[in-house]
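> Sequence and computational prediction follow.
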Amino acid sequence: MNLRGGLQIEGLDVTRGGQTILSDIAFTVPRGAWCSLIGVNGAGKTTLLRAVAGRLAHERGEVQVEGARLDLPRDRARSIGLSVSADRLPDAPTVARLLTEVARAHGVPARQGHLEPLWRALALDELVDRPIRILSAGQKQRLGIHLAFMGAPSVVLLDEPFNALDPLIAFDLKRVLKAMAADGLTIVTAMHDLAMMALHCSHGLLLSHGRLAEVFDAGALAVARRDPAAFEASVLERWRHAERGAAA
C-alpha cells in the first residue's frame, strides 16, 4: 500500500468465537478528513474501531497511519486515539487525577494548549474536580472523548461521540471536530445519523453485516449537502436492500 498521510485499512478480518464479525474491510481516510462510520447496532462499528486502534486482535489485515505500516498494537495505540466508553472509565479518581495519569503516560501536560477549543466545547472545567463515579452518562461521554485526543495522535477514532450529549455541547463539538480536521487531524466517528454525515463530514462509510456496503467520498457528500433529506432517503433505501440481502 502507498499512503500519503491519513489512515488506510486493507483486508481487515475479525473473528470471535468462530463467528466472522468483520470481513475484508478496506478503506482510506485522507489526512485532514472527518469520516463518518454508519451502521445499525451490531454491524461491527465498535469492533472495527477497536481493531484499527490496536485494542482488539484481528486475524488478517494491514493498518497504515501517515504512510507507516503499524503491525504492533502498541504502535497503533501511540498513533491512533480511541474514545473511552463510560463503562471503561475507572470509578475511583477525580477527572483531574485521571487526566494527569493519562498525560503522564503520554509524556504530555494534562492541559494541552492545542486542545483548549476541545476542552471548552466539552465544558470540562465544570467536571475537573468531580469524582468520576458521580458523573452522568453524558459527562462521562465528554471525558471519554477528550481522552482520545491526549498524546497528540495522528488519527482519532470516536465511537458514537454524540450519544448522551446535550444539544449545546454536541453543536460545539461538531464545530471543533471540523476545525481539527481542517488543521490536518484525521477523524473517524461511528454514528447512526446520515443527515449529520452529509452536513458535517467529508467522507463516509456504510457498514452492513461486517462488510463495507458503500463508501462516500468528498464529492458524494458535497452533492449530499445540497439536499440532506433526499440523500438520507436514497441511502436508507439502498441500506435496507443490503440488510435484507445479507439476512437472506
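Alright, I've got the coordinates.
> hang on, isn't Ser85 packed against Gly144?
Yes: Ser85 lies in contact with Gly144 (C-beta atoms under 8 Å); the separation is 6.1 Å. (C-beta placed from N, C-alpha, C; glycine too.)
> Would you map the helices across the protein?
Secondary structure of the chain (DSSP state H): helices at 45-52, 73-79, 95-106, 116-121, 137-149, 167-182, 194-200, 218-224, 228-247.
> Just say which of these is most tucked in.
Mean neighbour count (mean count of other C-beta atoms under 10 Å) peaks for helix 45-52 among the helices of the chain, with a mean of 22.
> Where does pLDDT dip in this structure?
1-4, 245-248 (pLDDT under 70).
> contacts for stretch 19-32?
Outside stretch 19-32, the residues within contact range by C-beta atoms under 8 Å, 6 or more residues apart in numbering are 3-15, 35, 44, 47-48, 51, 58, 61, 66, 155, 181-186, 188, 203, 205, 210-212, 215.
> go again using 7 Å as the cut-off
3, 5-15, 35, 44, 47-48, 51, 181-182, 184-186, 188, 203, 205, 210-212, 215 (C-beta atoms under 7 Å, 6 or more residues apart in numbering).
> Can I get that stretch in PDB, CA atoms only?
This file holds the C-alpha atoms of stretch 19-32, laid out as PDB (Å, rounded to 0.1, in the frame of the first residue of the first chain):
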ATOM      1  CA  GLN A  19     -18.100 -16.200  14.000                       C
ATOM      2  CA  THR A  20     -16.900 -13.700  11.500                       C
ATOM      3  CA  ILE A  21     -17.500 -10.100  12.800                       C
ATOM      4  CA  LEU A  22     -15.700  -8.200  10.100                       C
ATOM      5  CA  SER A  23     -14.700  -9.500   6.700                       C
ATOM      6  CA  ASP A  24     -12.200  -8.000   4.200                       C
ATOM      7  CA  ILE A  25     -12.600  -4.400   5.300                       C
ATOM      8  CA  ALA A  26     -10.600  -2.000   3.100                       C
ATOM      9  CA  PHE A  27     -10.900   1.800   3.000                       C
ATOM     10  CA  THR A  28      -8.800   5.000   3.000                       C
ATOM     11  CA  VAL A  29      -9.400   8.200   5.000                       C
ATOM     12  CA  PRO A  30      -7.200  11.000   3.800                       C
ATOM     13  CA  ARG A  31      -5.300  13.200   6.200                       C
ATOM     14  CA  GLY A  32      -7.500  16.000   7.500                       C
END
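> From Ala110, how far off is the nearest residue to Arg111 once chain neighbours are set aside?
Leaving aside its chain neighbours, Arg111 sits nearest to Trp119 (7.3 Å; criterion: C-beta to C-beta, 6 or more residues apart in numbering). Per C-beta to C-beta, to the nearest Å, Trp119 is found 11 Å from Ala110.
> ok, now Phe27?
Per C-beta to C-beta, Phe27 is found 34 Å from Ala110.
> neighbour-wise, which of these two wins?
The residue with more neighbours, out of Phe27 and Ala110, is Phe27; 19 against 16, by other C-beta atoms under 10 Å.
> got the contact list for the residue lying closest to Pro93 once chain neighbours are set aside?
Among residues not flanking Pro93 along the chain, Ile132 sits closest, at 6.4 Å (C-beta to C-beta, 6+ apart). For Ile132, the contacting residues are 89-91, 93-95, 98, by C-beta under 7 Å, 6+ apart.
> Serialize these to JSON lines and add fields for distance to Ala220.
Output for the contacts of Ile132, formatted as JSON lines (distance: C-beta to C-beta, whole Å):
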{"residue": "Leu89", "distance to Ala220": "36"}
{"residue": "Pro90", "distance to Ala220": "41"}
{"residue": "Asp91", "distance to Ala220": "44"}
{"residue": "Pro93", "distance to Ala220": "44"}
{"residue": "Thr94", "distance to Ala220": "45"}
{"residue": "Val95", "distance to Ala220": "40"}
{"residue": "Leu98", "distance to Ala220": "40"}
